[in-house]
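Asks: Attaching a predicted model along with its sequence, questions to come.
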Amino acid sequence: MKNTVDIYQFRNEFQSIRPNNFTYEGLSVLFDYLEELEQSCGDEIELDVIALCCDFSEDHYEDIASNYDIDLSECEDDDEKLEAVKDYLLDHGHGYCGVTEENNIIYQVF
């Protein structure tokens, strides 16, 4: 037996178990990504907050660039830097979920 979870229940579960893992907007990006993933593969995803916190992360693009030694020196503006970090994540096997208005990227970590 499974329950359908809406965005409000999704956020509430994270806030009650792991309140500091994702921003409010980051949870929206992750929720949308997981819904699209369910639709594309045809399988339901069980809401396991701890597992999702282990599998996904939210970091500012500059922090990701620093952590993964991504060279952004040739990028002229934030849009190019975001795109360079996104491309790096996708090229190196990380799942890219999306970006928040604060330039935080939600991505899958391995």
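Replies: Done, it's in.

Asks: Could I get the average pLDDT for the longest helix along the chain?
Replies: As assigned by DSSP state H, the longest helix anywhere in the chain is helix 24-41. For helix 24-41, mean pLDDT is 96.

Asks: what mean pLDDT does stretch 57-72 have?
Replies: 97.

Asks: Extract the C-alpha set from it and format it as CSV.
Replies: Extracted as CSV, the C-alpha positions of stretch 57-72 are listed here (Å, rounded to 0.1, in the frame of the first residue of the first chain):
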residue,chain,number,x,y,z
SER,A,57,22.8,17.4,-2.2
GLU,A,58,22.2,21.1,-2.6
ASP,A,59,25.2,23.4,-2.8
HIS,A,60,25.9,26.8,-4.3
TYR,A,61,27.6,26.4,-7.7
GLU,A,62,30.8,28.1,-6.4
ASP,A,63,31.1,25.5,-3.6
ILE,A,64,30.6,22.7,-6.1
ALA,A,65,33.3,24.2,-8.3
SER,A,66,35.6,24.4,-5.4
ASN,A,67,34.9,20.9,-4.2
TYR,A,68,35.4,19.3,-7.6
ASP,A,69,38.2,21.6,-8.9
ILE,A,70,36.1,22.9,-11.7
ASP,A,71,37.9,25.8,-13.5
LEU,A,72,35.5,28.7,-13.9
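
Asks: where along this structure do the strands fall?
Replies: In the chain, the strands defined using DSSP state E lie at 56-60, 96-99, 104-108.

Asks: So which of these is the most surrounded?
Replies: Stretch with highest mean neighbour count among the strands of the chain: strand 104-108 (a mean of 22; mean count of other C-beta atoms under 10 Å). For the C-beta atoms, the positions are set from N, CA and C on the backbone; glycine is no exception.

Asks: Now do that one against strand 56-60, angle only.
Replies: 150 degrees (axes from the mean of the first three to the mean of the last three C-alpha atoms, to 10 degrees).

Asks: helices and strands around strand 104-108, which ones?
Replies: Applying 3 or more C-beta pairs under 8 Å, 6 or more residues apart in numbering; DSSP states H and E, we find strand 104-108 packed against helix 24-41, strand 56-60, helix 61-67, helix 78-91, strand 96-99.
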